[in-house]
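Asks: Fold the stuff below for me.
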Amino acid sequence: MSLAPNYIVGIGGSAGGLIAFKDLLDCLPSDTGMAFVFAAHIHPDAASYLAEILSRHTKMPTKLASNGITIHVNHVYVSQPNTDLLVKNYKFKVVSPRTKGNVLVDYLLISLAESMGPRAIGIVLSGYDGDGTVGCKLIKEKGGITFAQDSSVEVGQMPRSAQAAGFIDFVLSPCKISEELARIAKASR
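Replies: Next up is the predicted model:
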């Protein structure tokens with residue numbers, strides 16, 4: 001029987017994000033008491049193997065997020081192409097096709113802020129544009145915690161946009177983000 005996670009962590013990326021996703025999971029303990037939700041900019045018509053790829057970098061169960069499934073502790077979930085992924089009451093709502101361009105990270109983080117309040121964590125990794133900035137703003141307003149990738153980033157617009165807007169608590173490499181998540185998890189027990 002799985003318990004509800006203490007925190008739900010929304011992680012977004014685009015160009016260069018796959019490397020950051022794998023680095024984050026490689027350094028992340030599998031027993032944090034959190035759940036992890038990855039949203040990636042993938043071409044709407046592309047087949048995605050992201051869940052399969054990420055499953056090789058963690059001992060946590062890794063699956064595609066689908067409509068209505070319950071979010072469990074110590075699990076990894078991955079958005080599907082051409083969808084907006086929302087969280088409400090520890091369940092996913094999947095909207096397909098995508099509502100508007102490449103703002104799926106914002107939609108995920110906004111829904112996390114509204115559903116989880118101070119138990120929401122937003123992470124913006126490598127990618128173009130400013131997706132994730134608005135979501136980090138709302139997470140901060142609701143008392144949650146935000147991260148952006150540091151200079152280890154391959155494509156810096158997404159994390160730099162969130163940093164420049166003033167909504168980021170920690171600017172770290174993916175591995176250091178994992179270490180901080182483990183510290184937050186330990187402190188919340």
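Asks: quick one: the closest residue to N102 other than its chain neighbours and A15, what's the gap?
Replies: With Cβ to Cβ, 6 or more residues apart in numbering as the criterion, N102 has its nearest non-adjacent residue at 5.1 Å, and that residue is H41. C-beta here means a position set from N, CA and C on the backbone, and glycine is covered the same way. Per Cβ to Cβ, to the nearest Å, H41 is found 8 Å from A15.
Asks: More neighbours: these two, which one.
Replies: H41 (23 against 15; other Cβ atoms under 10 Å).
Asks: Kindly provide the distance from the more buried one to P97.
Replies: 14 Å.
Asks: Kindly report the same for L125.
Replies: 24 Å.
Asks: Among those two, which residue is more densely surrounded?
Replies: Using other Cβ under 10 Å, the more surrounded residue of L125 and P97 is L125, with 31 against 9.
Asks: list the buried ones in the longest helix out of those in the chain?
Replies: As assigned by DSSP state H, the longest helix anywhere in the chain is helix 174-188. Buried residues in helix 174-188, counted by 16 or more other Cβ atoms under 10 Å: 174, 176-178, 181-182, 184-185.
Asks: Farthest-apart pair in those residues, please.
Replies: P174 and A185 (16.5 Å; Cβ to Cβ).
Asks: is it true that E114 touches K142?
Replies: Yes - with contacts counted by Cβ atoms under 8 Å, E114 reaches K142, the gap being 7.4 Å.
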